[in-house]
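**Q** Fold the following and give me the result.
(4 chains)
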There are 2 protein chains.
Amino acid sequence: MARTDARLRQAYNSLLDLLAPLPIGASLMSEVKLAAALGVSRTVVRAVLARLASAGIVQIIGRDKTLLRQPLASEALALRDDYISHDALEARFLDWVLRFDVAAGTSLNVTQLSRQFNAPPHVLAEFLASLSQSGLVERRPRGGWRLLGFTADYALDLSDFRQVLELHAIRHLVTLPPAHQVWADLSAIKAEHLALWARLETDFHDFSALDGRFHALINSAVPNRFVTQFQKAIRLIFHYHYQWDKTLERHRNAAAIREHLQIITALEAREAEQAVQAARAHLATAKEALLHSLRGHQAGG
Amino acid sequence: MARTDARLRQAYNSLLDLLAPLPIGASLMSEVKLAAALGVSRTVVRAVLARLASAGIVQIIGRDKTLLRQPLASEALALRDDYISHDALEARFLDWVLRFDVAAGTSLNVTQLSRQFNAPPHVLAEFLASLSQSGLVERRPRGGWRLLGFTADYALDLSDFRQVLELHAIRHLVTLPPAHQVWADLSAIKAEHLALWARLETDFHDFSALDGRFHALINSAVPNRFVTQFQKAIRLIFHYHYQWDKTLERHRNAAAIREHLQIITALEAREAEQAVQAARAHLATAKEALLHSLRGHQAGG
DNA sequence: CATTCTGTCTTTAATGATAAAAACCAATAA
DNA sequence: TTATTGGTTTTTATCATTAAAGACAGAATG
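**A** Coordinates of the predicted model:
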């Protein structure tokens, strides 16, 4: 019917915790300070105080608020199982889309998704709207949404676009002065690559995270909000695919580390063209791996 | 309360128009065919037919639907003033934002915007969510939205990103075979430039549209959905700014036409580096013009 | 007298109820 | 068989309702 009072309940319980160590007869802070302490608005604080007063835990006379008795642990208000966060929704939805073998063009319905992901419908609608910008999903003319799906075609466009941005970042990077932070970071990540190389037999799974940070570092040379935004999306999708395609994983990661090191070496020598060539080769490998994982997944079901 | 019956009303009126030329006693099509003809679902058609029957305009016996009498013009159902379309909303909102009637950082509330733009609140929420991807607007932690605004910083990022994409498109374009459609289009648009040049004294306002088509053509060489999407956003924003900055407009457009022609000439000669240099110069000019229009507008209020 | 605090009121956003529309299936007429 | 319709279920768009946030003025405190 209306907004839930989850916020009130949470604030109530938090205040009970704050009250527990106080002696009986102690006076509470002002409403404004309580609001700041609990991280809620004064309206909520007043509702909480009224509820505490009617429970006989505090007495409110004028602006004096005194603790009448210790609250019982059982007096905490029950919290309904809360909805998941936006980030969790994004992760679970992408996981579902990227794993789910739906034909491109299937229609999504908000009601079912909201049940599936335990989120209110309007949150899902908002989320789908934000996804529509990246072309994974689109609005149907009258009602509902259509999943365009993560097709091979989409993956190709994504890889190509990634290459454009990343080669530009490489070209830009070599022009940065030696005092720039990126060179220190590059040196550090080079050491990490060498360290992982030494223990690759056992820890080859760690490469996925390292790969993500390496590419983020390269792109950080271009402080552009659009580059950053795309980098985030690309990283998410590549990361998810890495999780499935376990074929030749160790071998593939070893090759990728070698490629990364070639790029780093060329960058440190300020050899722009050499770095670009190395990056081009590496991105081609990554694109191939993405398409391979896609084919394997689609074939497997 | 619930969904509006605007769809029913529109279908009813359309069907009245279809019925008008028919003689009395004529039989109507089947529900499915009527639905196809009116562009609505069969449910709506059935509701319309029921309404026509109760108005005594048609008689429905079994599956025979016969026209009893000519409908009067006054029997059309009144349409409540309909909400604006999604595209219109986008145009009006961007117009509002880009004109800087609001300071960057102000919080937006859906209710007020929904009144201002005559759109239901949830449509506005959906629209804002889709905008959040392009970084013009962001969600506030608890409720509401914040307008990040079209700052000089944003314009710089946008111009830089545009340059990355467009230079890539240029480099790609020269590698396309002579039989490719783009060369014919390029030749055609070159002629348009020369034609506009001849009548520039009077028609310099036509340049804005030509500029948009020229850059769209360049980018069409790269058939990538992300490039296309960004091109659309960039075009929108540059277009809006062109509309205000009237200082030296004729002079500026003349310069831009010369720059365009230089790019085209270099492309037609397959001189990649020369084309890139010309494009770089032109994009620098465009960036300067954008920033200039921004400063002028901010100073003006 | 300045500052802090509270009571009251207004505005706004999240949520459930609900009507309209779409989709589906079985039955029936052609 | 094939096309059409009746009945039913599912889903979406819209609205009323309520919780939360915020603003303001007046009261209380130091």
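
**Q** distance of the nearest residue to A:Phe161 once chain neighbours are set aside from DNA strand D?
**A** Spatial nearest neighbour of A:Phe161, chain neighbours left out: B:Phe226 (4.4 Å); criterion: Cβ to Cβ, 6 or more residues apart in numbering or on different chains. Heads up, the C-betas are built off the backbone N, CA and C, glycines and all. According to Cβ to the nearest atom of the strand, to the nearest Å, B:Phe226 and DNA strand D sit 26 Å apart.

**Q** before we move on, which element is B:Phe226 in?
**A** helix B:225-244 (DSSP states H and E).

**Q** other SSEs contacting that helix?
**A** On a contact count with 3 or more Cβ pairs under 8 Å, 6 or more residues apart in numbering or on different chains; DSSP states H and E, helix B:225-244 meets helix A:152-173, helix B:86-98, helix B:152-173, helix B:207-220, helix B:272-300.

**Q** Check which element follows that helix along the chain.
**A** Following helix B:225-244 in sequence, per DSSP H and E, is helix B:249-268.

**Q** Determine how far the helix holding B:Phe226 lies from the middle of the whole chain.
**A** How far helix B:225-244 lies from its chain's middle: 10 Å, per Cα atoms, centre = their mean, to the nearest Å.

**Q** In that helix, which residues are buried?
**A** B:225-227, B:229-231, B:233-235, B:237-238, B:240-242 (16 or more other Cβ atoms under 10 Å in any protein chain shown).

**Q** Touching it from outside, list them.
**A** A:133, A:135, A:154, A:157-158, A:161, A:226, A:230, B:94-95, B:98-99, B:134, B:150, B:158, B:161-162, B:165, B:169, B:208, B:211-212, B:215-216, B:219, B:286, B:289-290, B:293-294, B:296-297 (Cβ atoms under 8 Å, 6 or more residues apart in numbering or on different chains).

**Q** Also stretch A:111-129?
**A** With contact meaning Cβ under 8 Å, 6+ apart, stretch A:111-129 is reached by A:81, A:83-84, A:86, A:89-90, A:92-93, A:96, A:108, A:110, A:137, A:139, A:145, B:122, B:125-127, B:129-130.

**Q** I'd like the distance between the nearest residue to A:Leu98 once chain neighbours are set aside and A:Asp153.
**A** Spatially, and ignoring its direct neighbours in sequence, A:Leu98 is nearest to A:Tyr240 (4.8 Å; Cβ to Cβ, 6+ apart). Separation of A:Tyr240 from A:Asp153 (Cβ to Cβ, to the nearest Å): 18 Å.

**Q** same check, this time on A:Ala103
**A** Distance from A:Ala103 to A:Asp153, by Cβ to Cβ: 13 Å.

**Q** the more surrounded of those two?
**A** Neighbours were counted for A:Ala103 and for A:Asp153 using other Cβ atoms under 10 Å in any protein chain shown; A:Asp153 has more, 12 against 8.

**Q** Contact partners for that one?
**A** With Cβ under 8 Å, 6+ apart, A:Asp153 has no contacts at all.

**Q** do you know how far it is from DNA strand C?
**A** For A:Asp153, the distance to DNA strand C - Cβ to the nearest atom of the strand - is 25 Å.

**Q** got it, and A:Ala286?
**A** 38 Å.

**Q** Let me see the contact set for that residue.
**A** Contacts of A:Ala286 (Cβ under 8 Å, 6+ apart): A:Ser159, A:Phe238, A:Ala256.

**Q** Now with 10 Å, please.
**A** A:Ser159, A:Arg162, A:Gln163, A:Glu166, A:Asp211, A:His215, A:Phe238, A:His241, A:Tyr242, A:Arg252, A:Ala256, A:Glu259 (Cβ atoms under 10 Å, 6 or more residues apart in numbering or on different chains).

**Q** Mind picking the lowest-pLDDT entry from the residues you listed?
**A** Ranked by pLDDT, those bottom out at A:Tyr242 (71).

**Q** A:Thr43 contacts A:Leu8, doesn't it?
**A** Yes: counting by Cβ atoms under 10 Å, A:Thr43 does reach A:Leu8; the two are 9.3 Å apart.

**Q** what about the two, which has more around it?
**A** Ranked by neighbour count (other Cβ under 10 Å), A:Thr43 and A:Leu8 place A:Leu8 first, with 17 against 12.

**Q** mind checking which helix or strand the more buried one is in?
**A** Applying DSSP H and E, one finds A:Leu8 within helix A:6-19.

**Q** Give me the pLDDT value at A:Gln298.
**A** At A:Gln298, pLDDT is 58.

**Q** A:His168 now?
**A** At A:His168, pLDDT is 95.

**Q** and the stretch 51-200 of chain A, which of its residues are near DNA strand C?
**A** A:Gly62, A:Arg63, A:Lys65, A:Tyr83, A:Pro120, A:His122, A:Val123, A:Arg142, A:Gly143 (Cβ under 7 Å from any atom of the strand).

**Q** Could you rerun that using 10 Å?
**A** A:60-65, A:80, A:82-83, A:107, A:109, A:111, A:114, A:119-123, A:125-126, A:140-144 (Cβ under 10 Å from any atom of the strand).

**Q** Filter those down to just the ones in strands.
**A** A:Ile60, A:Ile61, A:Asp64, A:Lys65, A:Ser107 (DSSP state E).

**Q** Does at least one residue of the helix or strand just after the helix holding A:Leu8 sit close to chain B?
**A** As assigned by DSSP H and E, the chain's next helix or strand after helix A:6-19 is helix A:31-38. No: Helix A:31-38 lies out of reach of chain B by Cβ under 10 Å from any Cβ of the partner chain, never closer than 13.3 Å.

**Q** how far does helix A:31-38 sit from the chain's center?
**A** The answer for helix A:31-38 is 31 Å, by Cα atoms, centre = their mean.

**Q** Tell me which residues are up against that helix.
**A** Under Cβ under 10 Å, 6+ apart, the answer for helix A:31-38 is A:7, A:10-12, A:14-15, A:18, A:28-30, A:40-46, A:48-49, A:63, A:65.

**Q** and that helix, what's its mean pLDDT?
**A** Averaged over helix A:31-38, pLDDT sits at 92.

**Q** Report whether it contacts DNA strand D.
**A** Yes: using Cβ under 10 Å from any atom of the strand, helix A:31-38 reaches DNA strand D at A:Glu31, A:Val32, A:Ala35, A:Leu38.

**Q** got the angle for that helix vs helix A:6-19?
**A** 90 degrees (axes from the mean of the first three to the mean of the last three Cα atoms, to 10 degrees).

**Q** buried set for helix A:31-38?
**A** So for helix A:31-38, counting by 16+ other Cβ under 10 Å, buried means A:Glu31, A:Leu34, A:Ala35, A:Leu38.

**Q** does any part of that helix sit near DNA strand C?
**A** Yes: interface with DNA strand C: helix A:31-38 contributes A:Glu31, A:Val32, A:Lys33, A:Leu34, A:Ala35, A:Ala36 (Cβ under 10 Å from any atom of the strand).
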